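Q: Output the structure for:
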Amino acid sequence: MPITGLDLVEDILALKKERRAVILAHNYQVKEIQELADFVGDSLGLAYKAAETDAEVIAFCGVHFMAETAKIVNPTKTVVLPDMNAGCSLSDSCPPEKLAMFLEQNRDKNYYVIAYINCSAGVKALSDVICTSGNAVKIVQSAPKDRNILFVPDQNLGSWVMEQTGRPMELWKGNCYVHVEFTRQSIERIRGTYPAAPVVAHPECTYAVRMLADEVCSTEKMIGYCKSSPAKSFIIVTESGMLHRLRREVPGKEFIPGPTDLCACADCRYMKMNTLEKLHDCLRDLSPEIIIPEPIRARAELPLRRMLELSK
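A: Numbers count the residues shown, from 1 in each chain. Below you'll find the predicted structure:
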């Protein structure tokens, strides 16, 4: 008979102690996991925590590429993911074999490859530096001036970064299926209902949506913006899990989910695959475990460490 409720939480905490584990959770995880995690954050914050931890086991509550990132910087630690099927449409849009072929076919362009962290270990291994939505502008500004830049895999984030920096880049044609479901029409409608509420959008949204936003920023920067703004209500245009963290850390303010044309339910089906039950089982069984072939892991660590160094 499966354990539920408080017994399940208590068992997870006992297993965490027994395994000398740390639980890392992305902002888009379900609220039950966020409340149990040792750290909740965006990709950059999670990368730092993964690099700094002295835990023997990392239970990563996010999607596959995030758990891979933790393994890249912790080759001797056990990294587990509650559901190995928790993938990412954005990461899937840029297979490493396809990127390798493109780079070979365009060797004359001498690309400096900047990879958004939302990509596989194989793509990271082909890159010069990694970035997140929180540090992408800084990373692009630091790129060599005499190199052509190829930005993979998110064309919307890349487009926004070009707007901020003025640096021309060639953009891989990838996107996050959740963020491109927000439309100009859906955001205009919600603005009409809440005219005093600033629109805060993630840069993975399309240009048409970003143009309507009062603030475009990473999920981590959304916290600071909403805390410092005098506004009492905000329209949040990103995955729905972010609303729980905002309500926890910015009490007394109202957070309105940005709607798509269909609903106010911008859930990432991959992020929501992780549950308390699966977290319990992966700590109990130390499975499913993230395994990366050492040549790929070692090569992927170089651009990831370069990002962490540049982001200090």
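
Q: Could you list the low-pLDDT ranges of this protein?
A: Residues of the chain meeting the criterion pLDDT under 70: 1-6, 264.

Q: In contact with Pro95, which residues?
A: Taking CB atoms under 8 Å, 6 or more residues apart in numbering as the criterion, Pro95 is in contact with 120, 122-123. To be clear about C-beta, it is placed using only N, CA and C from the backbone, and glycine gets the same treatment.

Q: try Cys282
A: Cys282 touches 59, 80-82, 288, counting by CB under 8 Å, 6+ apart.

Q: just Thr238 next, same as before
A: Counting by CB under 8 Å, 6+ apart, Thr238 has contacts 179, 201-202, 204-205, 219, 222, 258, 266.

Q: same thing but at 10 Å, please
A: 27-28, 133, 176, 178-179, 182, 200-205, 217-219, 222, 246, 257-258, 266, 268 (CB atoms under 10 Å, 6 or more residues apart in numbering).

Q: most surrounded residue in the contacts of Cys282?
A: Ala59 (31 neighbours; other CB atoms under 10 Å).

Q: Need the nearest residue in space to it, chain neighbours excluded.
A: Leaving aside its sequence neighbours, Ala59 sits nearest to Ile23 (CB to CB, 6 or more residues apart in numbering; 4.8 Å).

Q: Quick check: Glu277 touching Asp7?
A: No. At 11.6 Å, Glu277 does not count as touching Asp7 under the criterion of CB atoms under 10 Å.

Q: Out of the contacts of Thr238, name the ones that lie in helices.
A: Using DSSP state H, the subset of the contacts of Thr238 located in helices is 219, 222, 246.

Q: For ChimeraX, write the select line for the buried members of those.
A: Entered in ChimeraX, the line below selects the buried ones among the ones in helices among the contacts of Thr238, by 16 or more other CB atoms under 10 Å:
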select :219,222,246
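
Q: Between the ones in helices among the contacts of Thr238, which sits nearest Glu301?
A: Thr219 (24.5 Å; CB to CB).

Q: show me what contacts that closest one?
A: So, once contact is read as CB under 10 Å, 6+ apart, Thr219 ends up touching 26-28, 41-45, 132-134, 200, 202, 236, 238-239, 241-242, 245-246.

Q: got it, and Tyr194?
A: Counting by CB under 10 Å, 6+ apart, Tyr194 makes contact with 233-235, 254, 256.

Q: quick one: the helices in the stretch 201-312 of the chain?
A: Using DSSP state H, counting those that start in this stretch, the helices found in the stretch 201-312 of the chain span residues 207-210, 219-228, 241-249, 276-285, 294-310.

Q: Name the surrounding residues that touch the first one.
A: Counting by CB under 10 Å, 6+ apart, helix 207-210 makes contact with 155-156, 159-160, 163, 179-188, 199, 201-204, 216, 237, 258, all of which sit outside it.

Q: what do you get if the cut-off is 8 Å, keeping everything else the same?
A: 156, 159-160, 182-184, 187, 201, 203, 216, 237.

Q: before we move on, what about stretch 241-256?
A: By CB under 8 Å, 6+ apart, the surrounding residues in contact with stretch 241-256 are 26-31, 34, 40, 190, 194, 197, 219, 222-223, 226-227, 231-236, 257, 267-268, 271.
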